[in-house]
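Asker: just need the structure, nothing else, for what follows:
(2 chains)
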Amino acid sequence: MKNREQLISAATIVLTLTSLAVTASGSALLTASSQQAVEQLKPPPVSSADKRTLVAFENRMKSYVKLRNALKAKLPKLSKDSTPEQIESYRKTFEERMRAARMGAKNGDLFRAGVASYIRKTLRTEFQGKDRAELRDVIFDEETTGIPLRVNYTYPEKKEFAEMPATLLAKLPQVAKELRYRFVGKNLLLVDRDNNLIIDYMVDALP
Amino acid sequence: MNKFLASVLLAVSLVFATFGNITYGQAVAKGTRTAASVSSPLPLTLPLKEGSVRFAVIGDTGSGTPEQRQVADMMVRYRGVYPFDFVLMMGDNLYGGESAKDFQTKFSDVYRQLLDNNVKFYASLGNHDLPIQVNYEYFNMNGKEYYRFKKGNIAFYALNSTYMDKKQVQWIEDELAKDTSDWKIAFFHHPPYSSASKHGSDKQLREVLEPIFVKYGVNVVLTGHDHVYERIKPQKGIYYFVSGAGGKLRSGDVKNSSPLTEKAFDRDMHFMLWEAAGNELYFQAISRTGETVDSGVIVNQKKK
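Answerer: Next comes the predicted model:
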């Protein structure tokens, strides 16, 4: 045990100094780096025309959320310590009721031409920067082939989700907490967080 | 010296020392590659100090394969000599479907002995996990995709790296800013640093999280996603680990010449054991067959 203490003690002395030196020299960069991260998460400036487009998109999302939350309120509440059976039953019932309530839903109901154009433009801008390759690495890292693009159908539960990079999410129009953007190849989907239904999609959203 | 620099110097002054063949307590270690047969005593490099915080780490577990069960069996055996209280999960908790049966065959059946002995699991979500898992009784997520909990002098931050929206980033920053815990450990699925060929370092995620972690003195970051074990050389004072082979293995996936690697193991599945005692945080990575593949201690200078 004494040997162990000596070993740690010796390593501590040497490595403490190294650690402090690295920390001290890195601290000036730290502020800049932290500031840079904050900047990356700022939404882009929008024109008044774009603002109107985004407000209209937000209103369409609100209508969807109002409908889904009304249906959700009629389901037995899912507690924070649910059994697998309760979770499965909840998810399936929610999905079925939502699909029935949106029977006539079609592609473009939420992603209308104006907002689709805004999103494409935003993504094009983001993919022109120095991080383009890294963004592609992240989005195309997962296996999402074979996922059908169909409104009011579920995102297949056996398929994985592509990671949504934080820097990209910050630039896209904000979505309600009940909804999620998901990339499937170059296509962008809007998916319900709890029942996993595809609400709408945009083909070739990525450049 | 400005206030910021002073706080950084105090907060992020960690020292690392590995101990190779040093043994403790009931340990019968002869180096860091000691295998345990069913009848032999289990090699333990953790000190088992009184009042310490003891936990295990598993990642990418939800395959439901015999190998996942073998890792779980080894965890049970280890709990006999090292009674850990809880387990952190690095995500991908359920692969290939999330029916009630899947929860059973890929989780609760596999870890039944631990669950029955009141070992608590704290999950994070991976890219294979539906967000509705946050309501599962045994994942202790309290209905949240990202959450914080405290054990002893350690604050744990479970994050959802698959969907890192602005709201979550803001939450992390707000929580860390007021956190006065001695140890801050973040765990999530995608590794900011990894030397594996399949996925590798998630630089996008790193760009967003690392400045916050450094600023607020996060000590250790635990991740999965790549189905290997890797201890990364300390980056800006933070100790990063990839522990993503609790139920799936990508054999030979770690790049041999990676400058990031301090230690790697990609020949078998594994789990980790951790022990926090005062200003020391010990760890031991153990393979499916009981081989100790890595061990060491991180010393928190702030507490000394």
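Asker: please make it C-alpha for all contacts and neighbour counts, starting now.
Answerer: Noted.
Asker: contacts only, for residue A:203.
Answerer: Applying C-alpha atoms under 8 Å, 6 or more residues apart in numbering or on different chains to residue A:203 gives the contacts A:186, A:187, A:188.
Asker: where does residue B:143 land in three-state SS?
Answerer: coil (DSSP: H, G, I helix; E, B strand; the rest coil).
Asker: from chain A, how far off is it?
Answerer: Here residue B:143 is placed at a distance of 5 Å from chain A (C-alpha to the nearest C-alpha, to the nearest Å).
Asker: next: residue B:120.
Answerer: Distance of residue B:120 to chain A, given as C-alpha to the nearest C-alpha: 13 Å.
Asker: distance from the helix or strand where residue B:57 lies to the middle of the chain?
Answerer: Applying DSSP states H and E as the criterion places residue B:57 in strand B:53-58. Its chain's C-alpha centre and that of strand B:53-58 lie 7 Å apart, by C-alpha atoms, centre = their mean, to the nearest Å.
Asker: can you name the element that comes right after it?
Answerer: helix B:66-81.
Asker: partner strands of the following helix or strand past that following helix and their direction?
Answerer: Using DSSP H and E, the helix or strand that directly follows helix B:66-81 along the chain is strand B:86-89. Using DSSP bridges, the strands paired with strand B:86-89 are strand B:53-58 (parallel), strand B:120-123 (parallel).
Asker: residue of the stretch 101-250 of chain B with the smallest distance to chain A?
Answerer: Across the stretch 101-250 of chain B, no residue is closer to chain A than residue B:137, which sits at 3.6 Å (C-alpha to the nearest C-alpha).
Asker: strands of the chain, start to end?
Answerer: As the question left the chain open, I've gone with chain A. Secondary structure of chain A (DSSP state E): strands located at A:179-184, A:187-192, A:198-202.
Asker: you answered for a different chain; I wanted chain B.
Answerer: B:14-17, B:53-58, B:86-89, B:120-123, B:147-151, B:154-158, B:183-187, B:220-223, B:229-232, B:239-243, B:261-265, B:270-277, B:280-287, B:292-300.
Asker: what is the last one packed up against?
Answerer: Based on contacts counted as 3 or more C-alpha pairs under 8 Å, 6 or more residues apart in numbering or on different chains; DSSP states H and E, the elements that strand B:292-300 packs against are strand B:14-17, strand B:280-287.
Asker: could you check the angle that strand makes with strand B:261-265?
Answerer: Relative orientation of strand B:292-300 versus strand B:261-265 (axes from the mean of the first three to the mean of the last three C-alpha atoms, to 10 degrees): 140 degrees.
Asker: may I have strand B:292-300 as CSV, with CA atoms only?
Answerer: Taking C-alpha atoms only, strand B:292-300 is exported to CSV below (Å, rounded to 0.1, in the frame of the first residue of the first chain):
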residue,chain,number,x,y,z
THR,B,292,-9.5,-6.3,-16.3
VAL,B,293,-8.7,-4.3,-19.4
ASP,B,294,-8.0,-1.0,-17.9
SER,B,295,-8.0,0.7,-14.4
GLY,B,296,-6.8,3.9,-12.8
VAL,B,297,-7.7,6.8,-10.6
ILE,B,298,-8.5,10.5,-11.4
VAL,B,299,-7.5,12.9,-8.6
ASN,B,300,-9.5,16.0,-8.1
